[in-house]
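Participant: Model the following, please.
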Amino acid sequence: MEHTPCTVSDVMTQTVVAIGQEARFKEIVETMEQWKVSALPVLVGEGRVIGVVSEADLLLKEEFREANPDRMEQLRRSDEVRKAGALTAGELMTAPALTVHAGDSLAQAARTMAYKSVKRLPVVDSEGMLQGIVSRSDLLKVFLRSDEDLAAEVRAEVVDRLFPDSAEEMSVSVTDGVVTLSGRIRNKSLLPVAARLVRAVEGVVDVTFALKGSEPEGTGPSAGSRNFEHL
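Facilitator: Modelled structure (predicted):
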């Protein structure tokens, strides 16, 4: 079975383009264009991350180019107005930087990106020193795992452990990342737990059941699987 990516360190990019806080506006734009990135960590000293400059920060200069915001809008968007007049990375950056650690789970990194609406996160150590960067596309790499690899992990980590008395009567199949557990079990009360454990396997898209005796009376396999989706 292939190594299962579980933490940020498994998928992050270690070679990172970064800038100092004195980097000028045009230099920042040129660096982003050269390296095809949408955000740059801002470093001080030996590589400590103090902020991040994104395309959104830079675009404020264009947004306010011909604008003349009234006093109320200036107060409401004071930080954005300030950034529109910024000339260096230190003035433009969002600080403190939103970061993750190499040992954080992929789910933690995904939640941070989703909640904060960012596309990438600097990866730092306990001292705030830059170790790498992780992007949305990096987190999606887990879904490139083969169906065979997923089936082997679900069998070993879920079925064999959760259903030791029924494991030989159960089969695990995976198609396009969707896991199907079929066969016969002796303790169907464990199905909600099984659903959660299978979905927790990195790379699994969904889980369905085709287990004899697992569906509520009068329903088919699909309806039975839906009953456990949110348990």
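Participant: List the contacts of residue 187.
Facilitator: 163, 165, 166 (Cβ atoms under 8 Å, 6 or more residues apart in numbering). C-beta: built from backbone N, CA, C; applies to glycine.
Participant: pretty sure residue 133 is in contact with residue 123, am I right?
Facilitator: Yes. If you go by Cβ atoms under 8 Å, residue 133 and residue 123 touch, sitting 6.1 Å apart.
Participant: can you list residues touching both of the two?
Facilitator: Going by Cβ under 8 Å, 6+ apart, residues that sit against residue 133 and also against residue 123 are residue 12.
Participant: Need phi/psi at the nearest residue to residue 63 once chain neighbours are set aside.
Facilitator: Nearest in space to residue 63, with sequence neighbours left out and distances taken as Cβ to Cβ, 6 or more residues apart in numbering, is residue 84 at 6.9 Å. Backbone torsions of residue 84, given as degrees, to the nearest 10, read phi -60, psi -30.
Participant: go on, residue 146?
Facilitator: Torsion angles, degrees, to the nearest 10, at residue 146: phi -70, psi 150.
Participant: Start at 15, not 1
Facilitator: Understood, numbering begins at 15; the last thing we discussed is residue 160.
Participant: tell me which of the contacts of residue 201 is nearest to residue 170?
Facilitator: Closest approach between these and residue 170, by Cβ to Cβ: residue 177, at 12.3 Å.
Participant: residues near the closest one, how many?
Facilitator: Residues lying near residue 177 (other Cβ atoms under 10 Å) number 21.
Participant: before we move on, what about residue 226?
Facilitator: Residue 226: 13 neighbours (other Cβ under 10 Å).
Participant: before we move on, what about residue 59?
Facilitator: 9.
Participant: Next: residue 114.
Facilitator: Neighbours of residue 114 (other Cβ under 10 Å): 23.
Participant: That one contacts residue 123, doesn't it?
Facilitator: Yes. Contact criterion Cβ under 8 Å: residue 114 and residue 123 qualify, at 5.0 Å.
Participant: mind checking which helix or strand of this protein has the lowest mean pLDDT?
Facilitator: helix 235-243 (a mean of 42; mean pLDDT, DSSP states H and E).
Participant: Which residues does residue 114 form beta bridges with?
Facilitator: For residue 114, the beta-bridge partners are residue 137 (DSSP bridges).
Participant: what's near enough to touch the closest residue to residue 56 other than its chain neighbours?
Facilitator: Of all residues not flanking residue 56 in the chain, residue 65 sits nearest, at 4.3 Å (Cβ to Cβ, 6+ apart). Residue 65 makes contacts with 35, 55, 56, 103, 104, 107, 108, 109, 110, 111, as judged by Cβ under 8 Å, 6+ apart.
Participant: Can you pull out the low-pLDDT segments for the chain?
Facilitator: Applying pLDDT under 70 to the chain picks out residues 15-19, 80-90, 227-245.
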